[in-house]
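Trainee: A structural model of the following input is requested.
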Amino acid sequence: MAVASSMARAFMPLLLLMSLVGGAAGQPAQNWLEPKTTAEKLAMLGREFGRNARYSEISITSDSMRILAEVPDKPGTMADYNANDNGITASSMMMPWDAEFRPEQLYRMSDLAFFSAEKLNELTARTFARLQVGSEMALARYTFSIGQLPTPDGTFMVPSPDGKVTLEIRLEADDGWKGGRVTYSSTGEEIDIVMP
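Mentor: I've put the predicted structure just below:
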């Protein structure tokens, strides 16, 4: 019960803040993949988790965010969180490899500084051009992680060339079956491309 109580105390401010920043009544919901909104949500997450918080993966879709991070008040313990305009919750289930504490795969919010709203706009446009698609596909997800496509043994199918944060930009067709992605290094170089 102490763990549940600790988790509730730790995330009550997140629940309150996240519910306040969502669209006001009668307003359309924000698209979390709009680069300006993405940057705002990441900045808010950084403020709420704290400057020294460490993340393993942050995946953003049009209406939510999945956060795999070290528990702010329990160093060495990983947790999976889901955030949307209604709040943020800790997931009760995690994949075993997500639960493993791997400090070499953690980064701080300041490590995302390169991926500003302007840079996200630029890289998203490059992704559409590189994958040679237009309006038949839409931006589906941004994923920030030291590498992309983690495996159960703790390695990545797409490792970071410099050990720093990478960004995968995924595009998908409306049917969800056809998709492609480009992974960028911490300096914006293409390090992996999967054509649709």
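
Trainee: next one, pLDDT for Ala2 please.
Mentor: At Ala2, the model reports a pLDDT of 35.

Trainee: the one 5 residues further on now?
Mentor: pLDDT, the model's per-residue confidence, is 45 for Met7.

Trainee: tell me the bridge partners for the residue nearest the centre of the chain.
Mentor: Nearest to the geometric centre of the chain sits Ile58, at 2.1 Å (C-alpha atoms, centre = their mean). Listed by DSSP bridges, the beta-bridge partners for Ile58 are Ile67, Phe144.

Trainee: hmm, it is touching Tyr81, no?
Mentor: No. With contact defined as C-beta atoms under 8 Å, Ile58 does not reach Tyr81; the gap is 9.7 Å. Using the backbone N, CA and C atoms, a C-beta is placed for each residue, glycine as well.

Trainee: overlap in contacts, these two.
Mentor: Shared contacts of Ile58 and Tyr81 (C-beta atoms under 8 Å, 6 or more residues apart in numbering): Arg66, Ile67, Leu68.

Trainee: make TSV out of these and add pLDDT.
Mentor: Formatted as TSV, the shared contacts of Ile58 and Tyr81 follow (pLDDT from 0 to 100):
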residue	pLDDT
Arg66	96
Ile67	97
Leu68	96
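
Trainee: could you flag which of these are buried?
Mentor: Buried members of these, counted by 16 or more other C-beta atoms under 10 Å: Arg66, Ile67, Leu68.

Trainee: ok, the first one touching Ser59?
Mentor: Yes. With contact defined as C-beta under 8 Å, Arg66 and Ser59 form a contacting pair (4.5 Å).

Trainee: pick the one among the buried ones among the shared contacts of Ile58 and Tyr81 closest to Met44.
Mentor: Taking C-beta to C-beta as the measure, Met44 lies nearest Ile67 of the buried ones among the shared contacts of Ile58 and Tyr81, at 11.8 Å.
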